[in-house]
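Q: Please work out how this folds:
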Amino acid sequence: MRANSIKNLDDVRIAIQKLQNWQQTFQNSPLDYHGLRITNAGNSVDGQDYVTRNELLGQQGTGATAKQHYTAIFDLQGVAMTGDLTPSFVVQTGREGIPISAWVTATIPPPSGDFIADIYYQGTQASSGTKILSSSLDLPEGSTAVIVDNQFVLPAPTLGTLTKIWVQVVNGGGASLVSVGLVIQRLTNAGS
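A: Below you'll find the predicted structure:
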């Protein structure tokens with residue numbers, strides 16, 4: 001019904017009734033747009049708003065996902081002796097990152113003094129290793145707890161492709177079956 005066809009109060013009532021009926025169809029049944037495309041839509045504001053394609057695509061590469069981490073684990077089999085070295089962990093392509101935490105634990109606790117160790121890294125251009133932590137990892141005598149340290153040398157090193165990482169025992173303390181871990185936050189998430 002067109003606005004110019006409304007001549008009296010009955011026409012107004014009929015127009016209102018048609019509007020109410022039209023509104024009821026939207027409230028009581030799902031809408032089928034028959035493939036109608038909505039263009040030039042704005043970004044969503046409220047939780048129940050539709051999102052635009054740009055909003056979805058923008059979140060894929062902007063850190064909408066949590067940063068990925070992995071742990072390089074170094075094991076010392078048998079009784080740890082002062083001066084022992086672990087085999088090197090070599091950072092591979094896609095695993096580059098920054099260390100965020102280190103830990104040490106032992107299955108059999110050190111009976112004769114603290115177990116103390118340092119974590120070193122060596123880039124492809126370096127001739128010798130550099131300590132990663134500002135102080136040594138220290139597992140107290142008699143303890144099998146997981147000891148965590150996140151105090152890195154400043155600035156924290158970026159561990160690039162082919163960087164070698166290893167552990168050297170400063171004092172074995174008689175600990176056995178020791179594990180040391182270095183948690184690394186990846187610079188690029190897998191699949192990005």
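Q: So in the chain, which helix runs the longest?
A: Looking across the chain with DSSP state H, the single longest helix is helix 9-28.
Q: all strands for this structure, in order.
A: 69-79, 89-90, 97-108, 115-122, 130-131, 137-139, 147-149, 164-171, 176-186 (DSSP state E).
Q: Mind listing what's buried along the last one?
A: The one in question is strand 176-186. For strand 176-186, the buried set under the neighbour-count rule, 16 or more other CB atoms under 10 Å, comprises S176, V178, S179, V180, G181, L182, V183, I184, Q185, R186. In short, each C-beta sits where N, CA and C put it, glycine included.
Q: so the last one sits right up against Q92, yeah?
A: So the one you mean is R186. No: using CB atoms under 8 Å as the test, R186 is too far from Q92 to be in contact (11.3 Å).
Q: Quick one: end-to-end distance for stretch 25-45.
A: 26 Å (CA to CA, to the nearest Å).
Q: Could you tell me the average pLDDT over it, please?
A: Average pLDDT, stretch 25-45: 76.
Q: By mean pLDDT, flag the weakest helix or strand of the chain.
A: Of all helical and strand segments in the chain, the minimum by mean pLDDT, DSSP states H and E falls on helix 53-60, at a mean of 68.
Q: Tell me how the protein divides into domains.
A: 3-60, 69-186 (automatic domain parsing).
Q: just those domains: most buried one?
A: domain 69-186 (a mean of 17; mean count of other CB atoms under 10 Å).
Q: can you give me the mean pLDDT across that one?
A: Rounded mean pLDDT across domain 69-186 is 92.
Q: end to end, how far does it reach?
A: First residue to last in domain 69-186 (CA to CA) measures 6 Å.
Q: Report the separation between F74 and R95.
A: As judged by CB to CB, to the nearest Å, F74 and R95 stand 16 Å apart.
Q: typo on my end, Q48
A: 41 Å.
Q: and P99, what does it touch?
A: P99 makes contacts with I132, F152, A156, P157, L159, L182, V183, I184, Q185, as judged by CB atoms under 8 Å, 6 or more residues apart in numbering.
Q: The same query, at a cut-off of 10 Å, please.
A: Listed by CB atoms under 10 Å, 6 or more residues apart in numbering, the contact set of P99 reads 72, 119, 121, 132-133, 150, 152-153, 156-159, 165, 182-185.
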